[in-house]
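Participant: need the 3D shape of this:
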Amino acid sequence: MLDSGLEDEVVCLVRADDQDTAEERVRRSIARFGQPHELPRNVTVLRGDMLSDEWHSSRALNNTTHVLHLAANTSFGNSPGIRRTNVEGALSVAKAMRGRSLERYLHVGTATICGIAHETIVREDDYPTAKAEHLLPYTRSKAEAEMLLTERYADLPLHIARPSIVVGDTRYGCKPSGSIFWVLRTLEALKFLGWNPNNRVDVVPVDWAASALTRLLFNPTLAHKRYHVSAGCGQSITWRELEAEYAHLYGGPAEDRYEIGDIHALTSQRVRQAVGPGNARYLRQALELYSRFCSLDLVFDNTRILQAGIPAPPRFTDYMQACVESSPSSIYEQMRVDLEASLALV
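Facilitator: This is a model prediction of the structure:
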């Protein structure tokens, strides 16, 4: 948003114990993307917890015209905090914005609220639905948040944006965040897949997703209430294409590179031998957890976002090399972005 040349004031709601810590969190976040380690002149940091209403009457919000709610607990674990943040937090922010002269309220959900979808091409208006078979508390909470926002806050200029699987940055690779890329690294190290290699996977880079969200936020004439921020049929990749790209980067066979089998049959010993020293048992459990999504052959239709004038994203294989080169040496270290050992796996 700042890179786009926006000169209006940007108010960031930041959870922290004091104002200095809140501002430092924003500075660190901006610095991850190669920006100077300082607050831009048009950024105001509003210290507050979205689960509290103490910040709702802040004067910093008086002239708010556009709201982007991107905050979420994205853990694949099984913690009560997931629903509190993703449902109660979303409702709290909406409550704070009620009665203001807003032009757009953009709530960011996830395309995976479809759960175990029976169709291979998922369209926006098919979900959320009470019939969805959710794989995790995370997706269930995001679906519930959408339904409650639509039901209780119909007076807001509400639109929903649902990113698919966000991995890496086209410029910086995994330097800003290694989220989910450790799964692909582990599969490559094991030379193993637990699903059909012809299955597709809908992956987009974070810089494209951020640009798309910014354009949805400020587009004054959106034709729809829900949008997939996704690769769609045109830019999704298959696992075979992923194999071929790893072969290009590392050498070895491009075809039949991976053994196909039951991922639950993997042993901690095999994981340790492939990945190196570390908590192999925990990594194996985490891999089983994420494999629930990897095994789904789903593409999230992005016709709407293309019709809104947003360019199609690059294919994951176009920038995968940047992700490889920017990843830390330890897969265990990168995994901590998504899962901490203190979380109970489901």
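
Participant: how about low-confidence regions in the stretch 101-250 of the chain?
Facilitator: Applying pLDDT under 70 to the stretch 101-250 of the chain flags no residue at all.

Participant: so where do the strands sit in it?
Facilitator: 104-108, 121-122, 158-163, 165-166, 192-193, 200-201, 203-204, 226-229, 237-238 (DSSP state E, counting those that start in this stretch).

Participant: what helices or strands is the second one leaning on?
Facilitator: If I follow you right, that is strand 121-122. Applying 3 or more C-beta pairs under 8 Å, 6 or more residues apart in numbering; DSSP states H and E, one finds that strand 121-122 makes contact with strand 299-300. C-beta here means a position set from N, CA and C on the backbone, and glycine is covered the same way.

Participant: if we can go back for a sec, show me the one of the strands of the stretch 101-250 of the chain that comes nearest residue 281.
Facilitator: Smallest distance to residue 281 across these (C-beta to C-beta): 16.6 Å, for strand 192-193.

Participant: report all helices and strands that that closest one contacts.
Facilitator: Contacts defined by 3+ C-beta pairs under 8 Å, 6+ apart place strand 192-193 against strand 259-260.

Participant: paired strands for the strand it packs on, with orientation please.
Facilitator: Here strand 259-260 has these sheet partners by DSSP bridges: strand 192-193 (parallel).

Participant: which residues sit against the strand it pairs with?
Facilitator: Applying C-beta atoms under 8 Å, 6 or more residues apart in numbering, the contact partners of strand 192-193 are 187, 239, 258-261, 263, 266.

Participant: buried ones in stretch 211-224?
Facilitator: By 16 or more other C-beta atoms under 10 Å, the buried positions in stretch 211-224 come out as 211-218, 222.

Participant: among those residues, which lie within helices?
Facilitator: With DSSP state H as the criterion, helices contain 211-218 from among the buried residues of stretch 211-224.

Participant: now distance to residue 27 too, for those, in TSV please.
Facilitator: Below are these laid out as TSV (distance: C-beta to C-beta, whole Å):
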residue	distance to residue 27
211	22
212	25
213	21
214	20
215	26
216	26
217	23
218	24
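
Participant: all helices in the protein, in order from the N-terminus.
Facilitator: Using DSSP H, helices in the chain cover 19-31, 80-83, 89-97, 137-152, 181-190, 206-218, 232-235, 239-250, 268-275, 280-294, 303-307, 316-326, 331-335.

Participant: buried stuff in the first one?
Facilitator: Along helix 19-31, the positions that meet the burial threshold by neighbour count (16+ other C-beta under 10 Å) are 22-27, 30.

Participant: nearest residue to the middle of the chain?
Facilitator: The centroid of the chain falls nearest to residue 166 when counting by C-alpha atoms, centre = their mean (4.8 Å).

Participant: who does it bridge with?
Facilitator: With DSSP bridges as the criterion, residue 166 is bridged to residue 204.

Participant: that one: what's it in contact with?
Facilitator: 179-180, 203-206, 209.

Participant: between the residues you listed, which is closest to residue 159?
Facilitator: Nearest member of the contacts of residue 166 to residue 159, counting by C-beta to C-beta, is residue 209, at 15.5 Å.

Participant: I figured the closest one was touching residue 163, is that so?
Facilitator: Yes: Residue 209 sits in contact with residue 163 when judged by C-beta atoms under 8 Å, with a separation of 5.2 Å.

Participant: identify the contacts common to the two.
Facilitator: residue 229.

Participant: neighbour count winner among the two?
Facilitator: residue 163 (24 against 19; other C-beta atoms under 10 Å).

Participant: wait, doesn't the more buried one sit right on residue 216?
Facilitator: No: applying C-beta under 8 Å, one finds residue 163 not in contact with residue 216, separated by 11.0 Å.

Participant: common neighbours of the two, please.
Facilitator: Going by C-beta under 8 Å, 6+ apart, residues that sit against residue 163 and also against residue 216 are residue 229.

Participant: thought residue 98 was touching residue 157?
Facilitator: No: applying C-beta under 8 Å as the test, residue 98 and residue 157 come out as separate, 11.4 Å apart.
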